[in-house]
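**Q** Got a sequence here, can you model it:
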Amino acid sequence: MAVNGMFDVVIPIYKITPELLNRCLESVSNQDFFDYEVYVVDGTPLDWTHTAECQNLVAHYNFNYCRQIGTGVSQARNQGVSEGNNPYIAFLDGDDWWYPEHLHELSLLIDRYPIANNYVMWWNPMDTIIVMETTKNKFESHKYCNYFADHAEWPASAHGVWIMRNAVFPSSVAVARSRFLEVGGFPEDLYAGEDTTCWVLMLGDNRQTNQVFLTAQSDFVGAFHDLQGDVHGGVKGFFNKGQNPCQDLWGSEAEEKFQQNLMAREKYISLNPEVKPEGVTEQQWTQLCGSTNIFGYSGIVYDN
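**A** Sure, this is the predicted structure:
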C-alpha cells in the first residue's frame, strides 16, 4: 500500500485492447505530478486473447495489478480503492487517457479548497472524439465532456441536485477518500448511473449544506474514449465498457434490465420534485426540472 502520498489512481479494465491500455497507462506515467500510486483492477477472463499482454503492460509501467474478485465496473473501482490508502482517489477508465497536467491541476485545486473546508470532489473537463459509422459513411466530431459553464452560479447547498443534471464522468474526477468510503463507494448493484449516484451521495442533498465541490473550467487535461466507436482498434460501443449486462440484449429484454437498474437506483435516490434547494433561483429550478438527465427526475431525497 502507498503511504504518505496524495493520490491513489484506480483504473478498472475489462477486455481493453493492449493499444488502448498502453495509451492509458503511458498517460499516467507521463504525469508531471509524481505523488501517486496506481492500481489496475482487471476483470477480463484469463483466457481472453490479450489478457497476458495487458498484464505485462501493467508490469512494464511498474503499476499494481489486481485480479477483480467480483463483476462490474463499480466493484472494480471499489476494489481498487480498497488496495490503497492515500487521502485522494483519482479515477481513470482503461480506455481513456490523461494529459500530463491532470494530476497537477487537481492537486492545485485541492490545495486551494482542502478537505478541511468540506470540498469532497474535484474534476477537469476532457476532450472527446465521437465516431459514428453507418454502412455508407463515417462521421467524426471533436467534442468535450465535463465542462459546465453554469456550475459557479449554483449555491453549494444545491450541488447534489445540480450534478444530477450534469453527469461528470469518473475519468476526470478526484474524490476525498474519507467521504467516498463514508457513502459506501460506487453502488455495485448499478450498471448505469453508478457514478452520478455516488457523486450525489457524496455531495449530499439540500438539507446538508456542508458537502460541496469544485470544478476547474480553465483547461482540458484528458481525453474520454468515444462512446460510439474507436479509431484506435478497440471494441466498439459503450455497453462493452464495464461488463454491462445489457450489452448482448435487445428490445424488451434490454428494457427489462434497464428498468431493474432504475428500481435499484431508487434505493439510493428517490423522486422529490417539490423541494427547491435554498439559494436556487426560480429560473434555475425551472431549467433543472425541465431538463433531461440520466435519472429522469428533478429533485432528490435520501432514505434515512
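**Q** Just the strands from this structure, written as ranges.
**A** 7-13, 36-42, 64-67, 88-91, 97-98, 119-123, 126-133, 138-145, 173-176, 212-215, 222-224 (DSSP state E).
**Q** pLDDT on the last one, on average?
**A** Mean pLDDT, taken over the full extent of strand 222-224, equals 46.
**Q** likewise stretch 255-263?
**A** Per-residue scores along stretch 255-263 average to 74.
**Q** Ok, stretch 81-93 next?
**A** For stretch 81-93, mean pLDDT is 96.
**Q** Kindly check the end-to-end length of that stretch for me.
**A** This stretch, stretch 81-93, spans 14 Å end to end (CA to CA, to the nearest Å).
**Q** which of the residues in that stretch are buried?
**A** By neighbour count with 16 or more other CB atoms under 10 Å, stretch 81-93 contains the buried residues V81, S82, E83, G84, N86, P87, Y88, I89, A90, F91, L92, D93. From N, CA and C alone the C-beta is placed, and that goes for glycine too.
**Q** Farthest-apart pair in these, please.
**A** Within the buried residues of stretch 81-93, P87 and D93 form the most distant pair, 22.1 Å apart (CB to CB).
**Q** wait, which of the buried residues of stretch 81-93 is closest to V168?
**A** F91 (10.6 Å).
**Q** Could you check what's spatially nearest to that closest one, not counting adjacent residues?
**A** Excluding the flanking residues, the one nearest F91 by CB to CB, 6 or more residues apart in numbering is P170, at 3.9 Å.
**Q** what is C145 paired to in the beta sheet?
**A** Assessed by DSSP bridges, C145 has beta-bridge partners M126.
**Q** ok, so what distance separates it from G43?
**A** Distance, C145 to G43, by CB to CB, to the nearest Å: 24 Å.
**Q** Y65 too?
**A** Here Y65 is placed at a distance of 12 Å from G43 (CB to CB).
**Q** and those two? which has more neighbours close in?
**A** Shown here are Y65 and G43; by other CB atoms under 10 Å, G43 has more neighbours (21 against 17).
**Q** quick one: contacts for that one?
**A** Applying CB atoms under 8 Å, 6 or more residues apart in numbering to G43 gives the contacts P12, I13, Y14, Q68, G70, T71, G72, A76, Q243.
**Q** pLDDT wise, what is it at?
**A** As predicted, G43 sits at a pLDDT of 92.
**Q** and if you look at E188?
**A** Note on E188: pLDDT of 90.
**Q** measure the nearest residue to W48 once chain neighbours are set aside to D47 for me?
**A** Closest residue to W48 apart from its sequence neighbours, by CB to CB, 6+ apart: K15 at 6.0 Å. Going from K15 to D47 by CB to CB gives 12 Å.
**Q** who has more neighbours, those two?
**A** K15 (20 against 6).
**Q** can you give me phi and psi for the more buried one?
**A** Dihedral angles of K15 (phi, psi; degrees, to the nearest 10) stand at phi 50, psi 40.
**Q** What count of nearby residues applies to W199?
**A** Neighbours around W199, by other CB under 10 Å: 26.
**Q** So for it, what's the pLDDT?
**A** At W199, the pLDDT value in this model is 86.
**Q** And for the one 3 residues further on?
**A** Taken from the predicted model, the pLDDT recorded for M202 is 84.
**Q** got it, and N64?
**A** Looking at N64, its pLDDT is 98.
**Q** my guess is it meets V38, correct?
**A** Yes: taking CB atoms under 8 Å as the definition, N64 is a contact partner of V38 at 6.2 Å.
**Q** ok, these two, which is more surrounded?
**A** Taking other CB under 10 Å, N64 and V38 do not tie; V38 has more neighbours (24 against 19).
**Q** Without its sequence neighbours, what residue ends up closest to that one?
**A** Counting by CB to CB, 6+ apart, V38 lies nearest to F63, which is 3.9 Å off, once chain neighbours are set aside.
**Q** Kindly provide the distance from the one you found to G70.
**A** Applying CB to CB, the value for F63 to G70 is 21 Å.
**Q** quick one: which of these two has more around it?
**A** With neighbours defined as other CB under 10 Å, F63 and G70 compare such that F63 has more, 17 against 13.
**Q** Hmm, V40 and that one touching each other?
**A** Yes: the pair F63 and V40 passes the contact test of CB under 8 Å, sitting 5.6 Å apart.
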